[in-house]
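>>> quick one, structure for this:
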Amino acid sequence: MKKLKLHSTYFKYACLLSLSILFSCNRHFSRLLKEENKYNLTTEIDLNDQNYTKKIEEFYNSGKDGFFNGKEDVQIYYRIFEQPSSKRAILISSGRTEAAIKYKELIFDLYNNGYSIYIHDHRGQGLSGRMTENPEMGYIDTFQFYIDDMKYFYDYYLKPNGYNKTYLLAHSMGGAIGMTYIEQNPNDFTAAAFSSPMLGLKPPICSIVKVLDGDKPKYAIGESEYKDDKTTFKGNTLTGSELRYDRMIDAFAKVPNARLGGATYTWIDKSCQQFKYLFTNIDKINTPFILFSAENEQIVYPFAHQKFVSAAEKLGKDCMAYEVENAQHELLIEKDEQRIETINEILVFYSKY
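Coordinates of the predicted model:
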């Protein structure tokens with residue numbers, strides 16, 4: 001009983017400390033300005049047109065797909081959209097629970113702006129192989145395997161095509177993977193863009209997760225298998241675009257094998273360990289990068305964005321960052337204004353290198 005009380009007291013103090021940190025840590029990034037749709041990106045009006053969405057589906061289905069053996073023989077699913085003559089390519093590193101099918105609109109838009117697109121489903125999610133008996137569990141045994149899979153995909157699928165310029169576009173968990181990648185492989189990408197990257201989780205998550213982790217994978221408190229009745233737009237913390245939210249949910253409803261449930265304690269613990277690695281290896285980054293942080297972020301810890309960029313700037317790294325006003329976590333499927341601002345700035349950034 002005494003031990004239980006100590007844990008309870010620790011938890012209360014940790015929560016109070018985390019609240020004080022949250023209220024005292026602000027981002028000091030410039031804000032994106034409202035912009036015209038100069039890259040002819042898809043709009044919500046377009047998505048209400050069945051003929052237009054049919055074009056997106058047909059284009060996505062035309063992509064070349066397959067599997068390769070990732071670390072420890074986990075099958076990794078990929079999809080490639082090659083331009084017939086372009087010398088520019090983008091590799092997309094997606095977030096936790098995500099799959100290539102979520103990125104149909106984005107892939108369509110980027111391809112129409114002259115880029116070949118490469119995307120793979122990270123191990124343990126999407127159509128890639130799972131490492132747990134329950135395929136719904138969000139799990140990773142070794143975080144480095146995410147990066148190793150991506151390196152294989154780059155070396156054996158993207159690099160042989162001899163592109164003059166290769167770019168990285170990483171979102172959320174894919175941002176932790178992508179940032180580690182450019183620390184370990186500083187010469188692979190010409191430039192990189194990070195949408196709401198997972199560079200930290202809100203306190204006190206990382207402080208207490210070790211106490212709760214065990215030998216066998218188990219859902220973290222509040223996490224569970226994928227549930228259809230929880231996938232409603234009202235009250236979601238991902239995007240303000242109901243249309244794009246519904247399209248995301250519908251994509252996974254049509255391909256249920258690609259769905260993933262909540263995170264395990266092990267996944268959280270491995271991610272927390274990775275944050276320490278990320279911050280201690282900033283000096284190794286040579287790739288110019290741009291980072292976007294959502295004003296109303298509720299999934300990852302936004303102050304980690306400020307901390308990371310500040311550290312990179314002090315080391316003289318070529319980087320910049322913006323806060324996206326009135327936006328939630330999913331910047332790439334947000335309302336038109338926020339989505340267009342973000343993707344415009346990404347493509348402008350790429351064009352400089």
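>>> in contact with the residue nearest to the spatial centre of the chain, which residues?
Nearest to the geometric centre of the chain sits residue 171, at 2.4 Å (C-alpha atoms, centre = their mean). With contact set as C-beta atoms under 8 Å, 6 or more residues apart in numbering, residue 171 has these partners: 92, 93, 94, 95, 98, 194, 195, 196, 197, 330, 331, 332. Every residue, glycine included, has its C-beta placed from N, CA and C.
>>> let me know the pLDDT of the fifth one.
Here, the pLDDT recorded for residue 98 equals 98.
>>> wait, it touches residue 128, no?
No: at 11.0 Å, residue 98 does not count as touching residue 128 under the criterion of C-beta atoms under 8 Å.
>>> more neighbours: which of these two?
residue 98 (25 against 22; other C-beta atoms under 10 Å).
>>> helix, strand, or coil at that one?
Under the three-state scheme (DSSP: H, G, I helix; E, B strand; the rest coil), residue 98 adopts coil.
>>> quick one: it from residue 92, how far?
10 Å (C-beta to C-beta, to the nearest Å).
>>> with residue 124 instead?
Residue 124 is 17 Å from residue 92, by C-beta to C-beta.
>>> same question for residue 107.
With C-beta to C-beta as the criterion, residue 107 and residue 92 are 7 Å apart.
>>> anything in contact with each of these two?
With C-beta under 8 Å, 6+ apart, residue 107 and residue 92 have common neighbours 117, 119.
>>> thought residue 66 was touching residue 76?
No: the pair residue 66 / residue 76 is not scored as a contact, 9.6 Å apart, by C-beta under 8 Å.
>>> what's the neighbour count on residue 120?
By other C-beta under 10 Å, 29 other residues sit near residue 120.
>>> burial check on the residue lying closest to it once chain neighbours are set aside, number of neighbours?
Spatially, and ignoring its direct neighbours in sequence, residue 120 is nearest to residue 78 (4.0 Å; C-beta to C-beta, 6 or more residues apart in numbering). A count of neighbours around residue 78, defined by other C-beta under 10 Å, yields 21.
>>> what's across from residue 78 in the sheet?
Beta-bridge pairing of residue 78, defined through DSSP bridges, involves residue 66, residue 120.
>>> contacting residues for it?
With contact taken as C-beta under 8 Å, 6+ apart, residue 78 is in contact with 65, 66, 67, 68, 100, 118, 119, 120, 121, 153, 157.
>>> over to residue 339?
41, 241, 244, 331, 332, 333.
>>> can you pick the most crowded of those residues?
Within the contacts of residue 339, neighbour counts (other C-beta under 10 Å) peak at residue 332, which reaches 26 neighbours.
>>> which residues does residue 115 contact?
By C-beta under 8 Å, 6+ apart, the residues touching residue 115 are 83, 86, 88, 89, 90, 167.
>>> sec struct for the second one, please.
Translated: residue 86. Residue 86 - assigned by three-state DSSP - is coil.
>>> what's the closest non-adjacent residue to it?
Nearest to residue 86 is residue 114, by C-beta to C-beta, 6+ apart, at 5.3 Å.
>>> and for the one you found, the neighbour number?
With other C-beta under 10 Å as criterion, residue 114 counts 12.
>>> return the distance of it relative to residue 157.
For residue 114 relative to residue 157 (C-beta to C-beta), the value is 19 Å.
>>> ditto for residue 182
Distance from residue 182 to residue 157, by C-beta to C-beta: 18 Å.
>>> repeat for residue 78
For residue 78, the distance to residue 157 - C-beta to C-beta - is 7 Å.
>>> check residue 347 too.
In terms of C-beta to C-beta, residue 347 sits 23 Å off from residue 157.
>>> pick out whichever of the two has more residues nearby.
Neighbour count, other C-beta under 10 Å: between residue 347 and residue 157, residue 347 has more, with 20 against 17.
>>> my guess is that one contacts residue 112. True?
No: counting by C-beta under 8 Å, residue 347 stays clear of residue 112, with 11.3 Å between them.
>>> can you show me the strands along the stretch 1-150 of the chain?
For the stretch 1-150 of the chain, the strands defined by DSSP state E, counting those that start in this stretch cover 30-31, 64-69, 75-81, 88-93, 116-120.
>>> lowest average pLDDT across those?
strand 30-31 - the lowest mean pLDDT of the strands of the stretch 1-150 of the chain, at a mean of 94.
>>> spit out the contact partners of residue 33.
Taking C-beta under 8 Å, 6+ apart, one finds residue 341 in contact with residue 33.
>>> and the strands in the stretch 151-300 of the chain, which stretches?
Using DSSP E, counting those that start in this stretch, the strands found in the stretch 151-300 of the chain span residues 165-171, 191-195, 289-294.
>>> right, and the ones you listed - which one's nearest residue 253?
The closest of the strands of the stretch 151-300 of the chain to residue 253 is strand 165-171. By C-beta to C-beta, the value is 21.1 Å.
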